[in-house]
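S.K.: Structure for the following, please:
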Amino acid sequence: MAPKVLVVLTSFGHIEAANKPTGWYLPELSHPYDVLSNNGVEIVTASPKGGKAPLDPASVEMFKGDASAQAFVNEKKAVWEQTQVLSAFKGRADEFAALFYPGGHGPMFDLVDDADSIAVIEEFAAKGKVVAAVCHGPVVFVNAKRADGNPLLAERDVTGFSNAEEDAVDMSKYMPFLLEDRIKAVGGNYKKADQPWGELVLVQDGGKLITGQNPASAKGVGEAILKAIGA
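M.R.: The predicted structure follows:
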């Protein structure tokens with residue numbers, strides 16, 4: 001029986017302060033999806049509201065020269081347009097090998113403190129399942145706790161979209177907080193690549209906690225998930 005990975009996408013699609021659309025970021029789903037699905041892993045998608053999870057149009061434009069991303073946009077619309085409601089997955093960690101959160105700015109606004117998301121993360125972690133995220137995705141972990149009550153990220157090497165990268169895209173002023181700062185605030189050992197936009201994937205707890213820094217790290221996160229679940 002094929003292993004299953006639950007992928008959770010944001011339902012947040014517009015940043016009012018910036019007057020611009022947002023959502024999840026294309027290559028951060030398309031690249032891991034290719035890695036996993038090409039190796040027999042079944043992908044199930046969910047979002048807080050269910051239905052269509054907003055795809056950041058800027059990511060489609062930015063990655064118009066990326067064959068994987070464009071094939072995904074053109075051929076896999078059901079993956080993000082027909083997501084299930086996240087709350088329906090509480091109590092179901094045993095059905096899955098891993099839990100994965102792509103980034104984009106959307107998760108900074110909804111998934112960070114979504115009670116259903118936090119419950120699902122904590123359940124997966126407590127059962128020894130793989131939990132993974134890339135770019136802004138690791139924000140979903142900052143309010144989650146381990147079974148012992150400590151923050152999930154405490155004393156773990158963790159990465160995610162850096163302050164320097166947020167400044168470079170001129171979005172820091174529109175964020176409710178900066179991801180790098182929040183990871184440090186909950187006791188995570190924040191790490192980043194030598195240069196902005198460099199690839200960095202961190203694997204902790206024997207593959208049970210996987211984080212990637214930015215879009216360039218998405219494929220590597222997919223590969224780390226694949227290795228961790230033994231698919």
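S.K.: the strands in the protein, which residues?
M.R.: Listed in chain order, the strands of the chain (DSSP state E) span 4-8, 14-15, 20-21, 42-47, 84-85, 98-101, 130-134, 157-158, 189-190, 201-204, 209-212.
S.K.: Arrange those in a markdown table, one row each, with distance to residue 61 as further columns.
M.R.: (Glycine included, C-beta is placed from N, CA and C.) Output for those, formatted as a markdown table (distance: least, CB to CB, whole Å):
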| stretch | distance to residue 61 |
| --- | --- |
| strand 4-8 | 23 |
| strand 14-15 | 17 |
| strand 20-21 | 11 |
| strand 42-47 | 22 |
| strand 84-85 | 28 |
| strand 98-101 | 23 |
| strand 130-134 | 20 |
| strand 157-158 | 29 |
| strand 189-190 | 29 |
| strand 201-204 | 25 |
| strand 209-212 | 22 |
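S.K.: Not counting its neighbours along the chain, what's nearest residue 3?
M.R.: Sequence neighbours aside, residue 97 is the residue nearest to residue 3 in space, at 4.0 Å (criterion: CB to CB, 6 or more residues apart in numbering).
S.K.: I misspoke; the intended subject was residue 22.
M.R.: residue 105 (4.4 Å).
S.K.: Start and end of stretch 85-105, how far apart?
M.R.: 20 Å (CA to CA, to the nearest Å).
S.K.: let me redo that: stretch 168-183
M.R.: First-to-last residue span, stretch 168-183, CA to CA: 19 Å.
S.K.: what about the strands of the chain, which gets the closest to residue 169?
M.R.: Nearest of the strands of the chain to residue 169, taken as CB to CB: strand 20-21 at 11.4 Å.
S.K.: In terms of secondary structure, what does the closest one contact?
M.R.: Strand 20-21 sits against strand 14-15, helix 57-62, with contacts defined as 3 or more CB pairs under 8 Å, 6 or more residues apart in numbering; DSSP states H and E.
S.K.: Please list the residues outside the shortest one that contact it.
M.R.: Yep, that's strand 14-15 we're talking about. For strand 14-15, contacts defined as CB atoms under 8 Å, 6 or more residues apart in numbering pick out 20-22, 54, 105, 109, 174.
S.K.: and those residues, which are buried?
M.R.: 22, 54, 105, 109, 174 (16 or more other CB atoms under 10 Å).
S.K.: Pick out the most distant pair among these.
M.R.: Farthest apart among these by CB to CB are 54 and 174. That separation is 16.2 Å.
S.K.: before we move on, the earlier item: tabulate the helices and strands packed on strand 20-21 in a markdown table, adding columns for distance to residue 221 and mean pLDDT.
M.R.: Formatted as a markdown table, the helices and strands packed on strand 20-21 follow (distance: least, CB to CB, whole Å; pLDDT from 0 to 100):
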| stretch | distance to residue 221 | mean pLDDT |
| --- | --- | --- |
| strand 14-15 | 24 | 98 |
| helix 57-62 | 16 | 98 |
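S.K.: closest to residue 225 out of the ones you listed?
M.R.: When the helices and strands packed on strand 20-21 are compared by CB to CB, helix 57-62 sits nearest residue 225, at 20.4 Å.
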